[in-house]
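Peer 1: Can you look at this prediction? I've put the sequence above it.
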Amino acid sequence: MQLPNHVAIIMDGNGRWANSRKHNRVFGHIRGAKVAYDIIEKCAQINLKHLTLYAFSTENWSRPKTEVSLLMALLIKHLKKEKNKLINNNISFHTIGDSLELPAEVQALLSETSEETKNNTGLKLTFALNYGGRQEIINATKNIYKAIKSKSIAESDISEELFEKFLQSAFLPNPDLIIRTSNEKRLSNFFLWQAAYSEFYFCDKFWPDFNFSDFELAINDYNKRQRRFGNIENQPSLSQNNFISE
Ligand code: FPP
């Protein structure tokens, strides 16, 4: 299986999965978290380089307090429980998003997990937590403005390459493949800048039903795509004269 360099996943449909089974939405998140860790471990085992999971968006705070608390509790539980799995699988752990707004215990565990896995050389796993693509772009813009004001860069230095360096995700390559589950076809404020040339794969299943075979289907589908990055494929040459005489 030929692998993309960076796969990002929008894990969607936990609530609907639970509701379709007449359960509370939180059951979907509990099952969804288990699925996430299963996919992480499998991705490490197949030597994927980068995996980013959209785990909590800046907009998710508007959910009922009990649901937000459960999501934070799940993060805490799994960060504690799965740390050794990350270490044993040579995974380094990273986050993007504004972690300072997360509960103190979550912040502490995120730092601890990042620190303890920082020398691992296998899968680079990134959780997008309290992440929003628009906010990331606004923060980059503010920091570029400050850098110009302090004369550490000039306006003429601004380029796509420079802008990317000011994004929080600067340590990551742009995602080659973005998978979204639950048959919704939108970005939901995820990787707005980074997804400019990403390939998208939409899976009908709700996230709690997603498994590694579905992941492999996504990779196989990706491998059939022709990525042109705005360019064109090799075309038979077209004489200008023929074109004009038509
Ligand atoms: C979308 O389902 C999922 C989320 C809002 C967060 C993703 C969270 C998890 C998979 C669980 C925690 C993760 C880890 C890694 C510990 P939804 O609630 O929007 O579903 P719906 O669209 O059916 O309502």
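Peer 2: Perfect, thanks for sending it. Because the structure is predicted, anything quoted here is derived from the model rather than measured. Residues are numbered from 1 along each chain as shown.

Peer 1: Would you map the strands across this protein?
Peer 2: Chain-ordered strands for the chain, with DSSP state E as the definition, fall at 6-10, 50-57, 92-96, 124-131, 177-180, 199-202.

Peer 1: ok, the third one near the ligand or not?
Peer 2: Just to be clear, that refers to strand 92-96. No. Judged by C-beta under 6 Å from any ligand atom, strand 92-96 makes no contact with the ligand; its nearest approach is 11.1 Å. Bear in mind the C-beta positions are built from the backbone N, C-alpha and C, glycine included.

Peer 1: and for that strand, what are the contacting residues?
Peer 2: With C-beta atoms under 8 Å, 6 or more residues apart in numbering as the test, strand 92-96 has contacts from 52, 86, 110, 113-114, 117-129, 131, 136, 168-169, 171-172.

Peer 1: And the last one, by the same measure?
Peer 2: Contact partners of strand 199-202, identified using C-beta under 8 Å, 6+ apart, comprise 4, 176-180, 183-185, 218, 221-222, 225, 227.

Peer 1: can you put the strands of the chain in a markdown table and add mean pLDDT?
Peer 2: Below are these laid out as a markdown table (pLDDT from 0 to 100):
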| stretch | mean pLDDT |
| --- | --- |
| strand 6-10 | 98 |
| strand 50-57 | 98 |
| strand 92-96 | 98 |
| strand 124-131 | 98 |
| strand 177-180 | 98 |
| strand 199-202 | 98 |
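
Peer 1: what's the distance between stretch 152-163 and the middle of its chain?
Peer 2: The offset between the C-alpha centroid of stretch 152-163 and the centroid of the whole chain comes to 26 Å, using C-alpha atoms, centre = their mean, to the nearest Å.

Peer 1: What are the buried residues along it?
Peer 2: Residues of stretch 152-163 classed as buried by neighbour count (16 or more other C-beta atoms under 10 Å): I153.

Peer 1: Stretch 220-227 now?
Peer 2: Counting neighbours by 16+ other C-beta under 10 Å, one finds that the buried residues in stretch 220-227 are Y222.

Peer 1: average pLDDT for it?
Peer 2: Per-residue pLDDT over stretch 220-227 has a mean of 94.

Peer 1: Which residue would be the closest one in this protein to the ligand?
Peer 2: Using C-beta to the nearest ligand atom, the single residue of the chain nearest to the ligand is G15, 2.8 Å away.

Peer 1: Next, see if the top helix by length along the chain gets close to the ligand.
Peer 2: For the chain, the longest helix by residue count, based on DSSP state H, is helix 65-88. Yes. Under the criterion of C-beta under 6 Å from any ligand atom, helix 65-88 makes contact with the ligand via 71, 74-75, 78.

Peer 1: Show me how far stretch 40-52 is from its chain's centre.
Peer 2: That offset, for stretch 40-52, works out to 13 Å (C-alpha atoms, centre = their mean).

Peer 1: Return the residues of this structure in contact with the ligand.
Peer 2: Selection of the chain residues close to the ligand by C-beta under 6 Å from any ligand atom yields 11-16, 29, 32-33, 36, 53, 55-56, 60, 71, 74-75, 78, 182, 207.

Peer 1: quick one: M1 and E184, what's the gap?
Peer 2: The spacing between M1 and E184, counted by C-beta to C-beta, to the nearest Å, is 26 Å.

Peer 1: Neighbour count for those two, which is higher?
Peer 2: More crowded of M1 and E184, by other C-beta atoms under 10 Å: E184, with 12 against 8.

Peer 1: which residues touch the more buried one?
Peer 2: With contacts defined as C-beta under 8 Å, 6+ apart, the neighbours of E184 are 12-13, 202.

Peer 1: Need phi/psi at it.
Peer 2: In this entry, E184 is assigned phi and psi values of phi -90, psi 140 (degrees, to the nearest 10).
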